[in-house]
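Engineer: What shape does this take:
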Amino acid sequence: IEAQKYRKWIRNSLNILIGNFRYIPEKFKRRFDSNIVVTFENNLVCKFTGRMRFSGDQKDHVSLKGNSIIQSVDIHLNNGNIYGITKFKLFLPRTRGNFVDEIFVTELLRELNYLAPRTSYVDVKINNVNTKMIFQEKAAKELLEFNQRREGPIFEGDERFLFRLVE
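Structural biologist: Here you go, the predicted structure:
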């Protein structure tokens, strides 16, 4: 994944990293045009355009790796899909506790016929920084279609209210 306006993306990332706040303000969660290249297991390479933004509520979603910034991101593909997914998140593994548990629980819930996003552990290169991240489908229309559910509202918990109580 590469941001088309790399300097603006890095400036935004640095502001998040060095900012004097605990919870990331919404002004740092704006979307940036990006180019996404996916190499599948059978060496098929697909190129997409999309938009990416910082993902997460707290600073555990951003860190330094050497001289580079790595962070959790939210991706919306403009064209095409990855296994039927057009909206997904890439999380830093430590943001989900033990990442193996996260993947196991989503698979277990799906086996028990609960609605759960497809989740996997993938190699990622964001702006020429290689890392491993958790790929997770967002709660959207494609999640319902994959789980053979009728389209309708998807209710999701919102942690912002819990964080405001903690503040």
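Engineer: Hmm, residue 115 and residue 147 touching each other?
Structural biologist: Yes - between residue 147 and residue 115 there is a contact under Cβ atoms under 8 Å: 5.6 Å. All C-beta spots, glycine's among them, are computed from the backbone N, C-alpha and C.
Engineer: Give the buried residues for stretch 8-18.
Structural biologist: Neighbour-count burial for stretch 8-18 flags 9, 12, 13, 16 (criterion: 16 or more other Cβ atoms under 10 Å).
Engineer: Helix, strand or coil: sort out the first one for me.
Structural biologist: In terms of secondary structure, residue 9 is helix; the call rests on DSSP: H, G, I helix; E, B strand; the rest coil.
Engineer: Contact partners for the closest residue to it other than its chain neighbours?
Structural biologist: Counting by Cβ to Cβ, 6 or more residues apart in numbering, the nearest residue to residue 9 once its immediate chain neighbours are dropped is residue 3, at 3.7 Å. By Cβ atoms under 8 Å, 6 or more residues apart in numbering, residue 3 lies in contact with 9, 32, 33, 34, 52, 127.
Engineer: Now do the phi/psi pair for the last one.
Structural biologist: Comment: the main-chain dihedrals of residue 127 come out as phi 50, psi 50, following degrees, to the nearest 10.
Engineer: circling back: which residues does the residue nearest to residue 9 bridge with?
Structural biologist: On the basis of DSSP bridges, residue 3 is bridged to residue 34.
Engineer: where's it relative to residue 73, distance?
Structural biologist: 10 Å (Cβ to Cβ, to the nearest Å).
Engineer: Any chance you could list residues touching both of those two?
Structural biologist: residue 52.
Engineer: So for stretch 144-157, what gets flagged as buried?
Structural biologist: So, applying 16+ other Cβ under 10 Å, buried residues of stretch 144-157: residue 146.
Engineer: what's the average pLDDT for it?
Structural biologist: For stretch 144-157, mean pLDDT rounds to 78.
Engineer: List the contacts of it.
Structural biologist: 84, 110, 115, 116, 118, 137, 139, 140, 141, 143.
Engineer: Was I right to think residue 103 contacts residue 120?
Structural biologist: Yes - contact criterion Cβ under 8 Å: residue 103 and residue 120 qualify, at 6.6 Å.
Engineer: neighbour-wise, which of the two wins?
Structural biologist: residue 103 (18 against 13; other Cβ atoms under 10 Å).
Engineer: which stretches of this protein have low pLDDT?
Structural biologist: Scanning the chain with the threshold set as pLDDT under 70 gives 158-167.
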